[in-house]
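Participant: pasting the sequence and the predicted model now:
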Amino acid sequence: MPDKTLICKECGKEFIFTEGEQNFYKEKGFENEPQRCPDCRKAKKHQNNNNRNY
């Protein structure tokens, strides 16, 4: 399974979905590829965590 180049739906930048990440997603039973790059995923997670504190 080769690395894949994906486009982030938030910022539009290309990012690499590595073979290791693909295997991890498969092991966890995730059917969809990530939609956001690692930076946008981190920002979204941080935003969601802040919203839960209220």
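Facilitator: That came in fine, so what should we check first? Numbers count the residues shown, from 1 in each chain.
Participant: how about the strands in the chain?
Facilitator: 4-7, 14-17 (DSSP state E).
Participant: which one's the longest helix in this structure?
Facilitator: For the chain, the helix with the greatest residue count under DSSP state H is helix 38-52.
Participant: could I get it in CSV with only the CA atoms?
Facilitator: Output of helix 38-52 as CSV, limited to C-alpha atoms (Å, rounded to 0.1, in the frame of the first residue of the first chain):
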residue,chain,number,x,y,z
PRO,A,38,-2.3,17.0,10.5
ASP,A,39,-2.1,20.8,11.4
CYS,A,40,-5.8,21.3,10.7
ARG,A,41,-6.7,18.1,12.6
LYS,A,42,-4.7,19.4,15.6
ALA,A,43,-6.4,22.8,15.4
LYS,A,44,-9.9,21.2,15.1
LYS,A,45,-9.2,19.0,18.1
HIS,A,46,-8.0,21.9,20.1
GLN,A,47,-11.1,23.9,19.1
ASN,A,48,-13.4,21.0,20.1
ASN,A,49,-11.6,20.6,23.4
ASN,A,50,-12.0,24.3,24.2
ASN,A,51,-15.7,24.2,23.4
ARG,A,52,-16.3,21.3,25.8
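Participant: what comes up buried for it?
Facilitator: Of all the residues in helix 38-52, those buried under the rule 16 or more other CB atoms under 10 Å are residue 40. From N, CA and C alone the C-beta is placed, and that goes for glycine too.
Participant: tell me which of the strands of the chain is the most buried.
Facilitator: Most buried of the strands of the chain, by mean neighbour count (mean count of other CB atoms under 10 Å): strand 14-17, with a mean of 14.
Participant: from the chain's centroid, how far away is the longest helix of the chain?
Facilitator: Chain-centre distance of helix 38-52: 12 Å, with CA atoms, centre = their mean, to the nearest Å.
Participant: that one - what's its average pLDDT?
Facilitator: Throughout helix 38-52, pLDDT has a mean value of 91.
Participant: so for residue 41, which of the strands of the chain sits nearest?
Facilitator: Proximity to residue 41 (CB to CB) singles out strand 14-17 among the strands of the chain, at 9.6 Å.
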